[in-house]
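In: Provided below for reference: sequence and predicted model.
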Amino acid sequence: MKRGILLLEDGTQYRGISLGAEGEAMGEICFTTGMAGYQEAYTDPSYFGQIVVNTFPHIGNYGFLSHREEESEEPKIRSLVVSSPSPIFTRQNAKYSLNDYLKKHNIVGISGIDTRHLVTHIRSQGSMNAIVSSYEKTSKDLLKHVLSCPSMEGLSLVQKVGTPKPYTIPGKGRYRLAIIDLGIKKSLIKEWSSRGLDLHIFPFQTPFVEMEKCLPHGYFISNGPGDPAAIPDCVKTVQDIIKAEKPLFGVCLGHQILGRACGISTYKLKFGHRGINHPIKDLRTGKSEITSQNHGFCLNKKEVENSNQVQLTHVHLNDDTVAGIQLKAKPAFSVQYHPEASPGPHDSSHLFEEFLSLLIKYEKQELCS
């Protein structure tokens, strides 16, 4: 077994066993609390460029499928840190073990370290850049490399994972939905397609006037990686959608973009929310839901509460951060979490139906005008 090393930018290091491909990988280190759904997580475009730590110790016991559980065409994580990878898998239709899956996609990982201590350190010190290496190098040399890695704050990554050109997925032809692709998950596409919508997916920099050519009944802003402050052109496009009073729904990064379009600032969380067991409260109903989340930035709560344009609708029950907003005088709303789950609970799937009701209401208004 080849040895490996994980070195954080504050100099903290962990020595373990090399996992997956040999080499080096740098990026922001973060952790996810999901016990299952690891293939969906590793292929989630929102994880692009990050070193992911699984807090659950035993990973890979049910293996990896070739396509069905992937949220994009290939893994988007930069590297993986686990405590105890399973060398075997139990599902007969699985094709790869964790180690073979990482090797297939040339992803450098590390195992055999105390992930409990590592996660406690990240929670205490905050997210930071790190490097995983299977090479024999000194800590001093590795630290030079990791200090050259750009910070996630101020970083635009959506161009790395979003579609480079528009495309269409036909539905039943009743309603047309224009999607701003910031790194959309396959499960979100499936959710909209299952409801019969014609989907028109556009690159994130597409102007509003260009998207309007497909005559959409509404707009959806997808999830994605990076700092929302780094894509002002997309914010401007969303402002144009709001002015046109078209139905609008955003999730994850799309939620942050909607907030910024309404003058709400964003900030980087200390260590983010990532996993499939995050509790939120719907302030409209008083009900709580368990949600799937994957984000490192958040809307400023005080600014939301003092806004004349935006109303707070959901809060994260762990730290009281903003988990959802809606516009007071426009047909637009967003949530910080993932209603499509994949992986995770489906408590919030009703949000798709809420948006469909907005589309129906908008169509009736158009017919009457």
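Out: All right, it came through fine. Treat the numbers as computed from the prediction; the structure is a model and nothing was measured.
In: What backbone torsions are found at residue 120?
Out: phi -60, psi -40 (degrees, to the nearest 10).
In: er, residue 208 actually
Out: Dihedral angles (degrees, to the nearest 10) for residue 208: phi -60, psi -40.
In: Would you tell me what the next helix or strand after the helix or strand harbouring residue 160 is?
Out: Using DSSP states H and E, residue 160 sits within helix 158-161. Using DSSP H and E, the helix or strand that follows helix 158-161 in sequence is strand 167-169.
In: which intervals of the stretch 101-250 of the chain have sub-threshold pLDDT?
Out: Within the stretch 101-250 of the chain, the set of residues satisfying pLDDT under 70 is empty.
In: in the stretch 251-369 of the chain, which spans are strands?
Out: 266-282, 288-299, 310-316, 322-327, 332-335 (DSSP state E, counting those that start in this stretch).
In: now the stretch 51-200 of the chain
Out: Using DSSP E, counting those that start in this stretch, strands in the stretch 51-200 of the chain cover 58-59, 79-81, 84-85, 108-111, 128-133, 167-169, 176-181, 198-203.
In: of those strands, which approaches residue 52 most closely?
Out: strand 79-81 (5.7 Å; CB to CB). C-beta here means a position set from N, CA and C on the backbone, and glycine is covered the same way.
In: partner strands of that closest one, parallel or antiparallel?
Out: Sheet pairing of strand 79-81 (DSSP bridges) gives strand 50-54 (parallel), strand 108-111 (parallel).
In: Can you mark which positions in the helix holding residue 160 are buried?
Out: Buried residues in helix 158-161, counted by 16 or more other CB atoms under 10 Å: 158, 161.
In: what's the spacing between that helix and its chain's center?
Out: From the chain centre to the centre of helix 158-161 is a distance of 12 Å (CA atoms, centre = their mean, to the nearest Å).
In: sorry, back to before: mind putting the strands of the stretch 51-200 of the chain in JSON lines, mean neighbour count and distance to residue 239 included?
Out: Shown next, in JSON lines, are the strands of the stretch 51-200 of the chain (neighbours: other CB atoms under 10 Å; distance: least, CB to CB, whole Å):
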{"stretch": "strand 58-59", "mean neighbour count": "18", "distance to residue 239": "42"}
{"stretch": "strand 79-81", "mean neighbour count": "27", "distance to residue 239": "37"}
{"stretch": "strand 84-85", "mean neighbour count": "19", "distance to residue 239": "46"}
{"stretch": "strand 108-111", "mean neighbour count": "26", "distance to residue 239": "41"}
{"stretch": "strand 128-133", "mean neighbour count": "26", "distance to residue 239": "33"}
{"stretch": "strand 167-169", "mean neighbour count": "12", "distance to residue 239": "25"}
{"stretch": "strand 176-181", "mean neighbour count": "25", "distance to residue 239": "13"}
{"stretch": "strand 198-203", "mean neighbour count": "21", "distance to residue 239": "16"}
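In: Which one of those strands lies nearest to residue 143?
Out: Short answer: strand 128-133, nearest of the strands of the stretch 51-200 of the chain by CB to CB, at 8.2 Å.
In: Can you give the distance of that closest one from its chain's centre?
Out: That offset, for strand 128-133, works out to 20 Å (CA atoms, centre = their mean).
In: which other residues reach that strand?
Out: For strand 128-133, the surrounding residues in contact (CB atoms under 8 Å, 6 or more residues apart in numbering) are 4-10, 23-29, 51, 79, 81, 108-110, 122, 142, 145-147, 149, 151.
In: Helices - which of these land there?
Out: Members of the contacts of strand 128-133 lying in helices (criterion: DSSP state H): 122, 142, 145, 146, 147.
In: Excluding chain neighbours, give the residue nearest to the fourth one in space.
Out: Okay, so that is residue 146. residue 131 (4.3 Å; CB to CB, 6 or more residues apart in numbering).
In: ok, back up a step: and the ones in helices among the contacts of strand 128-133, which is closest to residue 19?
Out: Nearest to residue 19 among these is residue 142, at 17.2 Å by CB to CB.
In: where's the residue nearest to residue 62 when sequence neighbours are not counted relative to residue 69, distance?
Out: Closest residue to residue 62 apart from its sequence neighbours, by CB to CB, 6+ apart: residue 91 at 5.0 Å. Distance of residue 91 to residue 69, computed by CB to CB, to the nearest Å: 10 Å.
In: Between these two, tell me which one has more neighbours.
Out: Neighbour comparison, residue 91 and residue 69: the larger count goes to residue 69, with 20 against 11 (by other CB atoms under 10 Å).
In: any chance you could read off phi and psi for the more buried one?
Out: With angles defined as degrees, to the nearest 10, residue 69 sits at phi -110, psi 20.
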